[in-house]
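Enquirer: starting from these lines, generate the structure:
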Amino acid sequence: MAFRLPFAWMVCLRYLREGRMQTLLILAGVTGGVAVIIFLTTLISQLQVSIIDKTLGSQAHIVIRAPQAVNRTSLPPDSTAAIIQPRAQRLRGVDQWASVAQLAAQTPGVLAVSPMVSGAGFAARADASQSVALMGVDATAFQRIVRMPKYLQNGQFDVSGTNTVIGIELAKDLGLAVGDKLRLVTMDGRDDLFSVAGIFEIGNRDLNRRWVFTSIKVAQSLLNLPGGITQIDLRVADLFAADATARQLQAQTGLTVDSWMQTNAQLLSALNSQSMSNNLIRFFVTVIVAVGIASVLVVSVVQKQKEIGILRAMGASPWRIMSVFLLQGGLYGLVGSALGSGLALALLNFFAKITRNADGSALVNGELELSVVVSACALALGVGLLAAVLPARRAARLDPVQAIRV
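Expert: Just a heads-up that it's a prediction; the model follows:
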């Protein structure tokens, strides 16, 4: 016994075959629309992840510091005499920093906490010297904030004793290699001799020239801050919840708490603009695809008006007629989304081959996220069905007598 397609499928496929050119054109439109949505969404997502990783990979998500010192006056604020020079800021430690660090570690969403002693100084070797940022850290805790091993070019991240870790630009400026000696001098004249244990390349020339790591105890001694900590670095699970966590900690401690969203406001604005642009493109592409499917089906209803009238006269119910055009819209969306996914994958792989980072690594990878593909395909299928609703209802409401007379 031969297999027979259901009525709606048989008529639907016949209409698609008869209007081959229309079918190919609308499939090309849907394919292009789905490919654009998947390709742009994946590309922007990967670029944002790369930008965030490069920017935040070398810094804490939240930093807790002592509040700035301010001058106080008993004069009225609107008094001319009340205009005073801002107070010079000296190096200050965070009061009861161990309790603050413990409170931060117990805050929901905080993954890691690392105390730091930082201050200005000079790195000197023979007659050459360079201004640097002296940073005393606990190696184990700090590597939970910034994954230093992946940035190391030579040696290891060892700040025990009189070991120090410096950036590659500073090493070039002073002619240093792992194992060489380096003298660190603070602004008030304290100094000590260190051995270079590691050299890093963090992807930022200024940081490669300025950052010099030592142990916390050594930094406290050089900066004349015995037992003190100048800042506490935090890493959080949800990057975009960092601002809320920072406000919570500031309210609890009364200290200055800054998140990366405050210190990198321009980056955050650029990321939001990218996301907004992607959403606008998706919206307009969706509208264009929907209008294209609807227009083709409306033309099909007009062209097939007499045939629809005959089918109605032969007993086809309005729902059967309606289902014919709904199936066409669904097939446009389903087949177009499958072809569009393949085209998006090809475009992404091509883009990955022709674009590179400054270090020669791939800017993006050629892999599609399943969630993006599924959402784009579901959107295409939904748009195809919705675009077919009005033409399908029009076809179902045709009066068979008037349709045959046309």
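Enquirer: which other helices and strands does the helix or strand containing Ile321 contact?
Expert: Ile321 is part of helix 318-354 when elements are defined by DSSP states H and E. Other elements packing on helix 318-354 under the criterion 3 or more C-beta pairs under 8 Å, 6 or more residues apart in numbering; DSSP states H and E are helix 7-18, helix 20-56, helix 265-303, helix 305-313, helix 370-396. (Glycine included, C-beta is placed from N, CA and C.)
Enquirer: mind putting the ones you listed into JSON lines with mean neighbour count?
Expert: Conversion of the helices and strands packed on helix 318-354 to JSON lines gives the following (neighbours: other C-beta atoms under 10 Å):
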{"stretch": "helix 7-18", "mean neighbour count": "16"}
{"stretch": "helix 20-56", "mean neighbour count": "18"}
{"stretch": "helix 265-303", "mean neighbour count": "16"}
{"stretch": "helix 305-313", "mean neighbour count": "18"}
{"stretch": "helix 370-396", "mean neighbour count": "19"}
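Enquirer: who wins for proximity to Pro108 among these?
Expert: When those are ranked by proximity to Pro108, the top entry is helix 20-56, at 19.9 Å, counting by C-beta to C-beta.
Enquirer: rewinding a little: check the offset of the helix holding Ile321 from the chain's centre.
Expert: A distance of 28 Å separates the centroid of the chain from that of helix 318-354, by C-alpha atoms, centre = their mean, to the nearest Å.
Enquirer: stretch 14-31 now?
Expert: In this view, stretch 14-31 has its centroid 38 Å away from the chain centroid, taken as C-alpha atoms, centre = their mean.
Enquirer: give me the contacts around it.
Expert: Residues from elsewhere that reach stretch 14-31, judged by C-beta atoms under 8 Å, 6 or more residues apart in numbering: 288-289, 292-293, 296, 299-300, 303-304, 324, 328, 331-333, 335-337, 339-340, 343, 380, 384.
Enquirer: just the CA coordinates for it, please, in CSV.
Expert: Output in CSV follows, covering the C-alpha atoms of stretch 14-31 (Å, rounded to 0.1, in the frame of the first residue of the first chain):
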residue,chain,number,x,y,z
ARG,A,14,2.6,21.4,-4.6
TYR,A,15,2.3,25.1,-4.2
LEU,A,16,6.0,25.4,-3.2
ARG,A,17,7.0,23.4,-6.4
GLU,A,18,4.8,25.5,-8.6
GLY,A,19,6.3,28.7,-7.4
ARG,A,20,9.9,27.6,-7.4
MET,A,21,11.3,31.1,-8.0
GLN,A,22,9.3,32.6,-5.1
THR,A,23,10.2,29.7,-2.9
LEU,A,24,13.9,30.0,-3.6
LEU,A,25,13.9,33.8,-3.1
ILE,A,26,12.1,33.7,0.2
LEU,A,27,14.3,30.8,1.4
ALA,A,28,17.4,32.8,0.5
GLY,A,29,16.0,35.7,2.5
VAL,A,30,15.3,33.6,5.6
THR,A,31,18.7,31.9,5.3
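Enquirer: so where's the stretch 301-406 of the chain shaky on pLDDT?
Expert: 302-308, 310-316, 358-360, 396, 398-406 (pLDDT under 70).
Enquirer: ok, the chain next?
Expert: In the chain the weaker segments, taking pLDDT under 70 as the threshold, are 1-5, 7, 68-90, 302-308, 310-316, 358-360, 396, 398-406.
Enquirer: give me the domain ranges for it.
Expert: For the chain, the structural domains run 7-54+268-405, 90-254, going by automatic domain parsing.
Enquirer: quick one: closest of those domains to Pro67.
Expert: domain 90-254 (7.3 Å).
Enquirer: from the contact counts, what lies against the helix or strand containing Phe213?
Expert: Remark: Phe213 resides in strand 211-215, with elements defined by DSSP H and E. Under the contact definition 3+ C-beta pairs under 8 Å, 6+ apart, strand 211-215 sits against strand 128-137, strand 163-167.
Enquirer: can you pull out the residues in contact with that strand?
Expert: When contacts are defined by C-beta under 8 Å, 6+ apart, strand 211-215 is touched by residues 121, 123, 132-139, 142, 157, 159-161, 163-167, 170, 184, 194, 200, 202, 222.
Enquirer: do the same with stretch 151-171
Expert: If you take C-beta under 8 Å, 6+ apart as the criterion, stretch 151-171 is touched by 58, 123, 130, 132, 136-137, 139, 143, 148-149, 176-178, 182, 184, 192-203, 205, 207-215, 218.
Enquirer: make it 6 Å
Expert: 130, 139, 148, 178, 194-195, 197-202, 205, 208-209, 211-215 (C-beta atoms under 6 Å, 6 or more residues apart in numbering).
Enquirer: between the two ends of it, how far is it?
Expert: The distance separating the two terminal residues of stretch 151-171, taken as C-alpha to C-alpha, to the nearest Å, comes to 15 Å.
Enquirer: begin at 739 from now on, thanks
Expert: New numbering, starting at 739: the last item is stretch 889-909.
Enquirer: buried residues in that stretch, which are they?
Expert: Applying a neighbour-count criterion of 16 or more other C-beta atoms under 10 Å, one finds 889-890, 893, 895, 897, 900-909 buried in stretch 889-909.
Enquirer: can you check stretch 1073-1091 too?
Expert: 1073-1079, 1081-1083, 1085-1086, 1089-1090.
Enquirer: among those residues, which pair sits farthest apart?
Expert: Of all pairs drawn from the buried residues of stretch 1073-1091, the one with the longest distance (C-beta to C-beta) is Val1073 and Ala1090, at 26.4 Å.
Enquirer: for the residue lying closest to Val1029 once chain neighbours are set aside, give me its contacts.
Expert: In this structure, Val1029 finds its nearest non-sequential neighbour in Ala1125, 7.5 Å apart by C-beta to C-beta, 6 or more residues apart in numbering. If a contact means C-beta under 6 Å, 6+ apart, then Ala1125 has Ala1028, Ile1031, Ala1032, Gly1067 as its contacts.
Enquirer: so the last one makes contact with Ala1126?
Expert: By that I understand Gly1067. Yes. Under the criterion of C-beta atoms under 6 Å, Gly1067 is in contact with Ala1126, at a separation of 2.7 Å.
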